[in-house]
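> Quick one, structure for this:
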Amino acid sequence: MTRLIVATLAGLTAPLLCPSTAQAHPGRLDRNGCHYDGAAGNGYHCHQDAHPNMDVTAVAKKSRDNICHDTSSANYRQLKYFISYKSMKDCMASGGRKPL
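As a prediction, the model looks like this:
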């Protein structure tokens with residue numbers, strides 16, 4: 001009987017001792033399946049894989065890392081997941097930054 005009580009108590013308290021690994025938080029996802037969660041301090045992060053953007057000839061592309069690339073960027077042609085923009089100015093205005 002004692003073993004049954006101990007096993008029951010262990011089963012009930014174990015979830016309380018283990019921190020949750022995933023917590024829901026608000027925020028709409030962009031075309032990359034990602035979003036900013038500044039309130040929780042998580043920055044830009046992704047929840048799902050989006051289909052690759054097919055606009056490979058876009059003037060400017062913003063990567064999942066929030067970096068704006070134009071045709072002069074070494075990574076411009078390698079980007080698979082991005083948001084396309086009509087200009088670098090538009091990309092930067094959306095919160096993107098220039099590559100290092």
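
> Surely residue 99 and residue 65 touch.
No - taking Cβ atoms under 8 Å as the definition, residue 99 is not a contact partner of residue 65, at 9.4 Å. (Glycine included, C-beta is placed from N, CA and C.)

> More neighbours: which of those two?
Per other Cβ atoms under 10 Å, whichever of residue 99 and residue 65 has more neighbours is residue 99, with 15 against 11.

> how about the more buried one, what does it touch?
67-69, 73-75 (Cβ atoms under 8 Å, 6 or more residues apart in numbering).

> The same query, at a cut-off of 7 Å, please.
Residues in contact with residue 99 (Cβ atoms under 7 Å, 6 or more residues apart in numbering) are 67, 69, 73, 75.

> Quickly name whichever of those is closest to residue 54.
Ranked by distance to residue 54 (Cβ to Cβ), the contacts of residue 99 are led by residue 69 at 16.5 Å.

> So for stretch 88-100, what gets flagged as buried?
88, 91, 96 (16 or more other Cβ atoms under 10 Å).

> tell me the average confidence for that stretch?
Averaged across stretch 88-100, pLDDT comes to 92.

> ok, what's across the strand from residue 37?
Beta bridges link residue 37 to residue 43, judged by DSSP bridges.

> tell me the secondary structure for the closest residue to residue 55 other than its chain neighbours?
Spatial nearest neighbour of residue 55, excluding adjacent residues (Cβ to Cβ, 6 or more residues apart in numbering): residue 84 at 4.2 Å. In terms of secondary structure, residue 84 is strand; the call rests on DSSP: H, G, I helix; E, B strand; the rest coil.

> Distance check, residue 84 against residue 76.
Between residue 84 and residue 76 the computed distance is 11 Å (Cβ to Cβ, to the nearest Å).

> What ranges does the protein have for its helices?
2-17, 88-93 (DSSP state H).

> least reliable of these going by mean pLDDT?
helix 2-17 (a mean of 56).

> residue contacts, residue 90?
residue 60 are the contacts of residue 90 under Cβ under 7 Å, 6+ apart.

> can we see that at 6 Å?
By Cβ atoms under 6 Å, 6 or more residues apart in numbering, the contact list for residue 90 is empty.
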